[in-house]
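> sequence plus the predicted model coming up.
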Amino acid sequence: MTGKRSIVLFWILLLIPTVILAAVGIWLLSHEQERLERRELTALTRQVRATADKIDLSIETVQNNLSSALVTLPETDLESRLLSWEAENPLIRNVFIYDQQLIYPQKSMAATAEERGFITRFEMFFSGQKEFVSTLPVAETAPAKSAIEGLYSLSRAPQTKSALSQRGGWIPWFSNNRLYVLGWVQKHPNEPVYGVELELMAVLSRLLPQFPPYEEQGAIVALLDGSGNYLIGSGPLPTDDSRRADVEVSLSTHLPHWTLVGYRGTNTFGGQNSFMPFALVLLGLLVATIVLGGAIITRFSVNRMKDARQKTSFVASVSHELKTPLTSIRMYAELLHSKRVKDPEKQQRYLDIIVSESGRLTRLINNILDFSRIEQGKKSYSITTFTLDDLLAGVLQTHAIRIRTAGFSVNTEGLPGDYQVNSDREALEQVLLNLIDNALKYATGGSLLKFIFKQNGSTCLLTVEDDGPGIPGAEQQRIFDRFYRIDTSLTAPQPGSGLGLSIARKMLRDLNGELSLEEKATSGAAFTMRIPTDGKD
Ligand code: ADP
């Protein structure tokens, strides 16, 4: 299977499970979200119902206690007893005595504004249009359940014969769209009806402890009147008008039309701030990690494949490079050995070829050995003090014939000077040789090999310049990559392994120097070796 195909297969095998995982994840998350919402709604419904029960019980207790007190109130001086009871009990808003007509408060000028309001509210009863009955409809619509049973059962009044003729109850009454509650008692059919109006505000303040404690952004339970106005609750209602209550429960007949509402909190996973976005981000991160992992593996494999390809072509070209000089050496050596060549000039030429080809072989083997040492991190350097001009002179002397044969003349600039450095002589010699070799190989049509010396502070610079075709702009950085060879009609036919420049740069960097390609105004290539004089940066 080709590399490309296996990468496509890898991505198919990676992406299909990832997409399935993401889809299943989203499906499970949305189900979990619904389940949490349902669970929270159930909990809130329970909480609202429990609060409604507690409120009912509290109201019932308040009414029963007041009823007991009303029943046991002595008949003598009833008016002043009722008035002093009203003065000391905050749960009583108004008191009254009715006997065919209102005895107290009287609808005279002396009545206070509050009393006049009270008389107006319950006008139907005080004018005789409605009877005080034990089964009391509330403003036509209220459920028909009286508190009279509660009144008697909870009253601490002794169950005497006369008690059996007692009547009484609680009347929830609507006036001007507001709820008022009236409690009454008639001990004997011929005796007056008397009673109290409940102070609902005081009752409400007693109900407050029945609500769940307030938590910032937590669930809210609130009591609303018949018009939907907020009365009390565990916290402020949500400001968002469009948000409807999640739970709505009507209170019992004690407070008809009043409702208890519940809103889910916004700080819970199942609430308004659902955990969905959070979970989706996590899921997205997981998918992104898988895809990123895939991308890293792909990149790694592509690099490995590229490396493998480069190594294969390296082996092929190196074998070819080794074979070419070896064949020449062997051929000329055999010719000389057979003693068939008698002409001394020819003999000398053959010997020169053998020397030059074995030099080429040595340089190639040195490069390969250095490459493998550098790859394994085993390359070591021996630092000595020498001068660069001396080094160049030695190299030029050894390779003079080769340079001349290739048709190049040598020009040196910047001498004499003090180009003493502390470095590895052999390594620098090899760098220089690689640069000269490249110039001889690739500067076809060129005729001048220039060496320029410069000193820049504590750095010595040696530039090797030729007047060949140079290196195209797009290739200028890549030529330093290992195994990289420019594939043009001019350079491709030349033998090479793509190692020379990468080894040269690596060795110079190891020695705290640098090898760089210079911009050149005229055609040709110029490489500069930067070598620190003291061997340090
Ligand atoms: P090799 O010479 O073995 O191919 P190098 O690493 O020494 O490997 O060089 C890399 C490439 O850079 C060469 O293949 C060649 O195309 C280009 N190159 C190097 N030096 C020169 C030069 N002086 N002129 C033109 N091209 C060059």
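The structure has been received and is ready for your questions. Computed from a prediction, not measured in an experiment: that's the story for all the values here.

> CA only for contacts and neighbour counts going forward, please
Fine.

> what helix or strand is the closest residue to residue 257 other than its chain neighbours on?
Nearest in space to residue 257, with sequence neighbours left out and distances taken as C-alpha to C-alpha, 6 or more residues apart in numbering, is residue 226 at 4.8 Å. Residue 226 is located outside every helix and strand, with elements delineated by DSSP states H and E.

> burial count for residue 226?
Neighbour count for residue 226, taken as other C-alpha atoms under 10 Å: 16.

> shouldn't it be in contact with residue 258?
Yes: between residue 226 and residue 258 there is a contact under C-alpha atoms under 8 Å: 5.1 Å.

> identify the contacts common to the two.
Counting by C-alpha atoms under 8 Å, 6 or more residues apart in numbering, residue 226 and residue 258 have no shared contacts at all.

> circling back to that earlier point, give me every residue that touches the residue nearest to residue 257.
Residue 226 makes contact with 177-178, 256-259 under the criterion C-alpha under 8 Å, 6+ apart.

> which SS state does the nearest residue to residue 412 once chain neighbours are set aside fall under?
Nearest non-adjacent residue to residue 412, counting by C-alpha to C-alpha, 6+ apart: residue 451, 4.7 Å away. Secondary structure of residue 451, reduced to three states by DSSP: H, G, I helix; E, B strand; the rest coil: strand.

> report the separation between residue 451 and the ligand.
Separation of residue 451 from the ligand (C-alpha to the nearest ligand atom, to the nearest Å): 13 Å.

> list the contacts for that residue?
Contacts of residue 451 (C-alpha under 8 Å, 6+ apart): 410-413, 462-465.

> relative to the ligand, which of those is nearest.
The nearest member of the contacts of residue 451 to the ligand, counting by C-alpha to the nearest ligand atom, is residue 465 at 7.5 Å.

> run a quick neighbour tally on the closest residue in space to the closest one that isn't next to it in sequence.
Nearest in space to residue 465, with sequence neighbours left out and distances taken as C-alpha to C-alpha, 6+ apart, is residue 526 at 4.1 Å. Neighbourhood size, residue 526 [other C-alpha under 10 Å]: 23.

> which residues touch residue 526?
Contacts of residue 526 (C-alpha under 8 Å, 6+ apart): 463-466, 517-520.

> mind running it again at 6 Å?
Residue 526 makes contacts with 464-465, 517-518, as judged by C-alpha atoms under 6 Å, 6 or more residues apart in numbering.

> who in the chain is up against the ligand?
Residues of the chain that fall close to the ligand, judged by C-alpha under 6 Å from any ligand atom: 438-439, 442-443, 470-471, 479, 484-486, 491, 496-502, 525.

> which residue does the stretch 301-450 of the chain bring closest to the ligand?
residue 439 (4.0 Å).

> try the stretch 1-150 of the chain
For the stretch 1-150 of the chain, C-alpha to the nearest ligand atom, closest residue to the ligand: residue 3, 25.7 Å.

> chain neighbours aside, what residue packs nearest to that residue?
What sits nearest to residue 3 in space, not counting adjacent residues and going by C-alpha to C-alpha, 6+ apart, is residue 305, at 7.3 Å.

> quick check: phi and psi on that neighbour?
Phi and psi for residue 305, reported as degrees, to the nearest 10, are phi -70, psi -40.

> which residue is most remote from the mean position of the protein?
No residue in the chain sits farther from the centre than residue 342, which is 85.7 Å out by C-alpha atoms, centre = their mean.

> what pLDDT does it get?
What the model reports as pLDDT for residue 342 is 86.

> same deal with residue 274?
Value listed for residue 274 in the pLDDT field: 63.

> repeat that for the one 5 residues further on.
Note on residue 279: pLDDT of 82.

> pull the number of nearby residues for it.
Neighbour count for residue 279, taken as other C-alpha under 10 Å: 15.

> over to it. Which of the three states is it?
helix.

> for it, give its distance to the ligand.
Residue 279 is 53 Å from the ligand, where distance means C-alpha to the nearest ligand atom.

> which element is the closest residue to that residue other than its chain neighbours on?
Using C-alpha to C-alpha, 6+ apart and skipping the chain neighbours, the partner closest in space to residue 279 is residue 29 (7.4 Å). In this structure, residue 29 sits in helix 3-72 according to DSSP H and E.
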